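Novice: Below is the sequence, then the predicted model.
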Amino acid sequence: MTGTTAGRPGLLNAEDLALIDRGVSTIVASHDASRRPSLMRAVGAAITPDGERITVYLNRPASNQLLANLQATGHIAVVFSEPFSHRAVQVKAGAVELRPAAAHDAPILARYLASMETELGRIGIDPEYTRIMLTHQLDNVVAVSFSPEQAFDQTPGPKAGASLPSAGAMA
């Protein structure tokens, strides 16, 4: 594991969990020691039912700098965005675990691709383009797992950047 922080149980409410679990546009970012950012579109994402663990999948050939920064700093920020509505949630953490994707990840990646074909189809993007954009070979995919420590509303508008109310605060 790179980094030393722990996630916050109950950080995400049911609506945010559903958005992330559904498989929407996923952009992963980090920075190097000089705080220069790097980012890349994920080729997959998964979240545990309780929201305490998120895994994003990066295509190694396109993500070398981002992966190096994640390994070096452990800092990660991920934006999950619904293209049709622009509804977006950002999560951050200070510790990540990286591992090669394995055969048991293939169904997660296939589900994500199918969801993105639907999501982008809602805004007129052909499924063929989506498949090209998210194409990968499993042996070139890296799974990056983390426990979210912070969550923010990134939907354009007056609440953009505001901390999300946690599931515990809404109970």
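Specialist: Cool, the structure landed.
Novice: mind listing the strands for this structure?
Specialist: 2-3, 25-31, 37-41, 44-47, 54-59, 76-81, 88-93, 95-100, 141-146, 150-153 (DSSP state E).
Novice: Among the ones you listed, which comes closest to L17?
Specialist: strand 44-47 (6.4 Å; CB to CB). Where C-beta positions appear, they are placed from N, C-alpha and C, glycine not excepted.
Novice: residues making contact with that closest one?
Specialist: Residues from elsewhere that reach strand 44-47, judged by CB atoms under 8 Å, 6 or more residues apart in numbering: 17, 20-21, 23, 26, 53-57, 78, 80, 105, 108-109, 112-113, 134, 141.
Novice: And those, which of them are buried?
Specialist: 17, 20-21, 23, 26, 54-57, 78, 80, 105, 108-109, 112-113, 134, 141 (16 or more other CB atoms under 10 Å).
Novice: max-length helix in this protein?
Specialist: helix 106-121 (DSSP state H).
Novice: ok, and for it, which residues are buried?
Specialist: Buried, per 16+ other CB under 10 Å, within helix 106-121: I108, L109, R111, Y112, L113, S115, M116, E117, E119, L120.
Novice: For S163, the count of nearby residues, please.
Specialist: Residues lying near S163 (other CB atoms under 10 Å) number 11.
Novice: OK, contacts around M116?
Specialist: M116 neighbours (CB under 8 Å, 6+ apart): G23, V24, S25, T130, L134.
Novice: who's the third one bridged to?
Specialist: On the basis of DSSP bridges, S25 takes part in beta bridges with S81.
Novice: And the one 4 residues further on, by the same measure?
Specialist: Bridge pairing for A29 (DSSP bridges) gives the partners L39, A77.
Novice: what's the spacing between H31 and E52?
Specialist: Computed as CB to CB, to the nearest Å, the H31 to E52 distance reads 24 Å.
Novice: Against A29, how distant is the residue nearest to A62 when sequence neighbours are not counted?
Specialist: For A62, ignoring the flanking residues on the chain, the nearest one in space by CB to CB, 6 or more residues apart in numbering is M40 at 6.0 Å. Counting by CB to CB, the separation of M40 from A29 is 8 Å.
Novice: if I look at these two, which residues touch both of them?
Specialist: Joint contacts of M40 and A29 (CB under 8 Å, 6+ apart) are L66.
Novice: Hmm, S30 and A77 touching each other?
Specialist: Yes. Contact status for A77 versus S30: in contact at 7.2 Å, counting by CB atoms under 8 Å.
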